[in-house]
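>>> below are the sequence and a predicted model; questions follow.
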Amino acid sequence: MVEVEVKVKSLTVVNYNMPEKYEILEERRINIDGRTLHRIRALCDIYTPFFYVPKGWLGGYVESEDNLSQEGRAWVDDDAIVCDEAWISGNAVVCDYAMICDEARVDGNALVHDEARVRNRAHVCGNAVVGGNAVVCDEARVDGNAVVCDYAKVCDRAVVCDYAVVCDYAKVCDRAVVCDYAVVCDEAWVGGNTVVQEEAWVGGQTIIFGDVIVGGRARIGGGSVINFPCVIRDVEVYEFQFPQIEIRTKEDLENLTRALYSLQKKI
């Protein structure tokens, strides 16, 4: 019998866990709707994309460490609340009186502030900013450098991205997309599979839903209602020029086509 000597090199176990950047203060807690929330305190200096958090600084409230990542520069400040299964990570900041709840996510370099609400399975990411009393909910996404503010609402599976702005009392819902440098404002309501893109502006009490594309430098305002498949580009449509559009018959559609063509010739 031949004896074989086998040499096994020792293994070195390296702990790659980063030091914790915050701690939960058990003694500083509040109760909201049956949830027990705890204030956090910074254990090291944190340089968020928006402000500096010194070691020892008291932050906002979380329900547990499952709400705020110990990695990156993400932070919850002031009296902001993150609870349920909501998750803040990357370099995102939630501050002022904002609230993130349910299964919502805020990451990247996003900022949620003022009294904004992000809930359900909504996602705010990139360099997006959600502020004022705005609401982002359901499975909606706000991405890129987009801004949602004032009393605006983005819901369902809608997407607001790039440099788009949704403000005032505007609502973007269903599977609508607002992108590029587009603006949806005032009391406008954009839904269905509508895409508002490029430098388009939708305001007033306009209602757009269905398979509609609004692009170029189109401006739609007043009380227009557009609920049929069409592409609107580089025209200005206001209440007195194009009031209350309702398409019910083929003749209505033909009249609308002629009206749009006439408006395009004037610009």
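Alright, I've got the coordinates. Residues are numbered from 1 along each chain as shown.
>>> C-alpha only now, for contacts and for neighbours.
OK.
>>> could you say which helix or strand contains residue 251?
helix 250-266 (DSSP states H and E).
>>> need the residues that contact stretch 52-61.
Here stretch 52-61 makes contact (CA atoms under 8 Å, 6 or more residues apart in numbering) with 29, 37-47, 75-82, 95.
>>> name the residues of it that are buried.
Neighbour counts over stretch 52-61 (16 or more other CA atoms under 10 Å) mark 53, 57, 58, 59, 60, 61 as buried.
>>> quick one: average pLDDT of it?
The predicted model assigns stretch 52-61 a mean pLDDT of 97.
>>> quick check, distance from stretch 151-163 to the centre of its chain.
Centroid displacement of stretch 151-163 relative to its chain, using CA atoms, centre = their mean, to the nearest Å, is 6 Å.
>>> point out where the stretch 151-267 of the chain drops to low pLDDT.
By pLDDT under 70, the weakly predicted segments of the stretch 151-267 of the chain are 239-250, 252-267.
>>> recalculate using a threshold of 80.
Applying pLDDT under 80 to the stretch 151-267 of the chain flags the ranges 237-267.
>>> show me what stretch 131-149 is in contact with.
By CA under 8 Å, 6+ apart, the list of residues contacting stretch 131-149 from outside reads 112-130, 150-168.
>>> among those residues, which are located in strands?
112, 117-118, 123-124, 129-130, 153-154, 159-160, 165-166 (DSSP state E).
>>> name the SS class of residue 36, please.
Secondary structure state of residue 36, per DSSP: H, G, I helix; E, B strand; the rest coil, is strand.
>>> from here on, count from 734
Got it, first residue is 734 now, which makes that one residue 769.
>>> hang on, isn't it packed against residue 763?
Yes: look at residue 769 against residue 763 with CA atoms under 8 Å: they come within range, at 5.8 Å.
>>> find the residue at the geometric middle of this structure.
With distances taken as CA atoms, centre = their mean, the residue of the chain nearest its centroid is residue 875 (2.8 Å).
>>> roughly how far apart are it and residue 790?
Residue 875 sits 29 Å away from residue 790, going by CA to CA, to the nearest Å.
>>> next: residue 828.
14 Å.
>>> pull the longest strand from the chain.
The chain, longest strand under DSSP E: strand 755-765.
>>> show me which residues of that strand are buried.
755, 756, 757, 762.
>>> same for that strand, what does it pack against?
strand 768-775 (3 or more CA pairs under 8 Å, 6 or more residues apart in numbering; DSSP states H and E).
>>> neighbouring strands of the strand it packs on in the sheet, and parallel or not?
Strand pairing for strand 768-775, determined by DSSP bridges: strand 755-765 (antiparallel), strand 791-795 (antiparallel).
>>> what's the end-to-end length of stretch 839-854?
Using CA to CA, the end-to-end distance of stretch 839-854 comes to 10 Å.
>>> averaged pLDDT, it. What do you get?
Summarised as a single mean, pLDDT over stretch 839-854 is 98.
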